[in-house]
Each structure stands twice: as structure tokens, then as C-alpha cells.
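Novice: here is my input, please return the structure:
(one chain, ligands or ions: 1)
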Amino acid sequence: MLFNTYEPWKFAFSAESSNLDEIDLDVEFDKSNVWGIIGVPFDSTCSYHHGSRYGPTIIREASFGFEQYNVAFDKILDARFYDFGDLNIVHGNCKKTSDLLKESVNELIDSKIKPIIIGGEHSVSIGPIKALAERSDSKDLSDITIIHLDAHRDIIDEYMGEKDSHATIMHRVYDLNPKQLIQIGIRSFSDEEKLFVEDKDNILTFLAKDLNSAGEENNAYYELIETLSNIEGKVYVSIDMDVIDPVYAPSVGNPTFGGLSPDDVEIIFETLYNSSIEDKIDVLGFDIVEVASNELGDSTAILAAKFVHDFLTLFA
Ligand SMILES: [Mn+2]
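Specialist: Next up, the predicted model:
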């Protein structure tokens with residue numbers, strides 16, 4: 001393990017031990033979903049509001065404001081999960097950092113632990129996604145659906161001449177041939193990105209403006225729930241916190257107005273949960289990225305901690 005803390009500050013309600021050598025999952029308990037949190041304090045390709053390197057610290061801090069009982073789902077977060085602290089990242093080097101993360105995620109999966117990644121900027125998502133791709137029979141993502149919540153498509157091939165960046169992450173994911181890429185809450189993208197997705201049958205888009213429109217004639221929200229309900233097989237979920245409107249979540253790398261509300265994300269989680277308890281889908285991994293703040297009590301960090309809490313309540 002490549003972590004920079006021996007005794008990491010852990011997410012609230014996580015297990016006391018986070019030493020992989022001491023965790024014997026076969027003996028300790030018999031569960032299909034055991035989750036492990038890795039923080040990735042990396043923000044070197046950030047183009048606007050810096051500070052997502054503090055995301056893991058500030059989100060963990062915010063997690064201590066919650067109760068174990070989750071009112072939204074009438075469920076208690078009583079499952080065992082682990083927090084392994086922060087990855088020892090390489091500042092200024094996106095490629096090396098994501099390779100190190102991939103290595104650590106592989107160690108978790110070897111121990112039958114599923115990854116929850118707390119960023120850091122969005123480029124960190126490629127680490128766990130590549131690990132999952134390389135472990136599949138096809139060596140790519142052809143049997144994995146990527147659910148991507150974001151204000152931005154992040155699907156340009158190069159940003160300022162760089163292939164590896166927070167702005168190109170979904171192009172790098174697309175290079176790995178996903179079964180389906182479902183982009184939700186989108187409200188900002190370039191001509192190049194518009195053209196790129198136009199002829200791709202396996203990229204589905206749910207624009208924020210359609211999801212937010214009221215009126216009976218607008219059924220984008222219904223279509224989203226139906227699309228998510230129809231997913232089968234392996235799933236990975238990536239949340240850029242800027243998917244949420246800056247009214248709720250202003251402390252992100254690239255704030256963009258016209259976003260989703262916190263309730264929308266909980267409805268998306270619940271829809272996926274309903275499929276998971278029917279064994280229709282298997283959620284393999286989750287990341288939450290782009291919280292850029294170092295202030296105690298930051299509302300974006302509190303909301304991100306809430307989403308991690310929600311995710312663990314439902315999927316652990
Ligand atoms: Mn974004």
C-alpha cells in the first residue's frame with residue numbers, strides 16, 4: 001500500500017483497523033459488498049478553482065456531523081467498511097498518480113474490497129476505472145456501464161495539449177470501450193465534445209436543463225430513472241460535485257449554474273439500489289471528486305460526505 005499516513009483520519013463509522021494484513025474477509029464476515037475508502041489529494045491539472053487536494057480531509061471532517069441512521073432511506077449505516085487514508089500522490093504528475101492509485105485499488109480488489117475514491121480532481125477516476133478494466137476478461141470496459149454525474153462532459157481528447165487532465169477524463173474512459181457511458185446533469189461542453197458524442201450509440205446524455213424542466217410534456221427525468229432501472233451487469237459511478245448547482249455546492253473546481261439538487265442524486269442512488277438488491281446490477285466502484293475547499297463546515301464538503309454516507313448506507 002502506498003499511503004502517506006500510518007494512522008489515517010478515517011471517515012465516520014469506518015472500521016478501526018485499516019491494515020490490509022489484519023483484514024481477513026473470509027473469516028471475519030461473509031458479504032458481497034465490502035468497501036474501502038482511498039483519499040486522493042491531487043489537483044495539479046486544475047484549471048480554475050484550486051483546492052480539491054484538500055477534499056479528502058475536509059470530507060472526512062464533515063462526515064462526523066452525521067448520524068448512523070440515514071433518514072433519506074430509513075436505513076442505518078451499520079455495515080463494516082474501511083478507510084485506508086490518503087494515497088501518497090505525485091504532485092504535478094497526473095499519470096504517475098493515477099498509476100499509483102490503480103496499483104492500490106488492485107490491492108483492495110485482491111482483498112475483495114471495492115473502492116470508494118475521494119478526490120482530488122476528476123483525473124483521479126481513471127485509476128480505479130483502469131484497474132477494473134484490466135481485471136475484466138475483455139481487458140476493457142465492454143461489460144461495465146459508467147454512470148457519470150457532472151456539469152461537464154470531460155470528453156475532449158486533449159486539454160491544452162495534455163491527454164491526462166481533469167477535462168479529458170471521460171475521453172480516457174471512452175478509450176477503454178465502455179459498455180455504456182451515461183452522462184447526467186451536463187450543462188457545459190465544447191463543439192468538439194458535442195461532435196464526439198453525436199455518433200456514439202453507447203453515450204447517453206441527460207442535460208441538466210431537461211432534467212430541471214417542469215411540466216408534463218417534459219419527461220427527461222422519467223427517462224433517466226427508466227434508463228437507470230434498465231441497466232444490467234457491472235456498474236461504476238463517478239460523481240463530480242459540480243453536477244450539483246453552486247447554490248448548494250459552490251466549492252468545486254469549475255462551478256456552473258443550472259445544476260441538479262441534492263435530492264436528485266439520492267433518487268439516482270435509490271434507483272440503482274433497487275436494481276442492486278434484485279442482483280440486476282453489481283456496483284463495482286464509486287468516486288466523488290472536485291470538492292475544492294479547506295474550510296471547516298464547507299457546505300460542498302458536507303454534501304459530498306452525505307453522498308458517501310448515502311452510498312455506504314445503500315450499497316454496503
Ligand atoms: Mn465537472
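
Novice: residues in contact with Gly36?
Specialist: Under the criterion of CB atoms under 8 Å, 6 or more residues apart in numbering, the contact list for Gly36 reads Ser18, Phe81, Tyr82, Asp83, Phe84, Leu108, Ile113, Lys114, Pro115, Ile116. Quick note: C-beta positions are derived from backbone N, CA and C, even for glycine.

Novice: quick check: phi and psi at the nearest residue to the second one once chain neighbours are set aside.
Specialist: The shortest distance from Phe81 to any residue other than its chain neighbours is 4.4 Å, reached at Trp35 (CB to CB, 6 or more residues apart in numbering). For Trp35, the backbone dihedrals are phi -110, psi 150 (criterion: degrees, to the nearest 10).

Novice: per-residue pLDDT of Trp35, please?
Specialist: According to the prediction, Trp35 has pLDDT 95.

Novice: tell me the contacts of the closest residue to Ile268 other than its chain neighbours?
Specialist: Closest residue in space to Ile268, ignoring its immediate chain neighbours: Leu228 at 6.5 Å, by CB to CB, 6+ apart. Contacts for Leu228 (CB under 8 Å, 6+ apart) come out as Ile147, Ile182, Ile268, Thr271, Leu272, Ser275.

Novice: ok so, going back, so how many other residues sit close to the residue nearest to Phe81?
Specialist: 24 (other CB atoms under 10 Å).

Novice: picking up where we left off before, the residue nearest to Ile268: what secondary structure?
Specialist: helix (DSSP: H, G, I helix; E, B strand; the rest coil).

Novice: before we move on, what about the one 3 residues further on?
Specialist: Three-state secondary structure (criterion: three-state DSSP) places Ile231 in coil.

Novice: ditto for His166
Specialist: Classified using three-state DSSP, His166 is coil.

Novice: show me which residues of the stretch 1-150 of the chain are close to the ion?
Specialist: Asp150 (CB under 5 Å from the ion).

Novice: any chance you could map the strands in the stretch 1-150 of the chain?
Specialist: 35-40, 69-70, 75-76, 82-86, 114-119, 144-149 (DSSP state E, counting those that start in this stretch).

Novice: now render the ones you listed as TSV, adding distance to His166.
Specialist: Compiled in TSV, those are given as follows (distance: least, CB to CB, whole Å):
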stretch	distance to His166
strand 35-40	12
strand 69-70	30
strand 75-76	33
strand 82-86	18
strand 114-119	9
strand 144-149	13
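
Novice: so where's the stretch 201-316 of the chain uncertain?
Specialist: 214-218 (pLDDT under 70).

Novice: one step back: in TSV, list the contacts of Gly36 along with pLDDT and neighbour count.
Specialist: Listed next are those as TSV, based on pLDDT from 0 to 100; neighbours: other CB atoms under 10 Å:
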residue	pLDDT	neighbour count
Ser18	71	22
Phe81	93	23
Tyr82	94	24
Asp83	94	24
Phe84	93	25
Leu108	94	24
Ile113	94	21
Lys114	96	22
Pro115	97	26
Ile116	98	27
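
Novice: which one of those residues is nearest to the ion?
Specialist: Lowest distance from the ion to those (CB to the ion) belongs to Ile116, with 19.0 Å.

Novice: what residues does that closest one make contact with?
Specialist: Trp35, Gly36, Ile37, Ile38, Phe81, Gly285, Phe286, Asp287, Ile288, Val308, Phe311, Leu312.

Novice: what about the helices in the stretch 151-300 of the chain?
Specialist: All helices of the stretch 151-300 of the chain, identified by DSSP state H, counting those that start in this stretch, fall at 169-175, 191-198, 208-212, 220-229, 262-277, 299-315.
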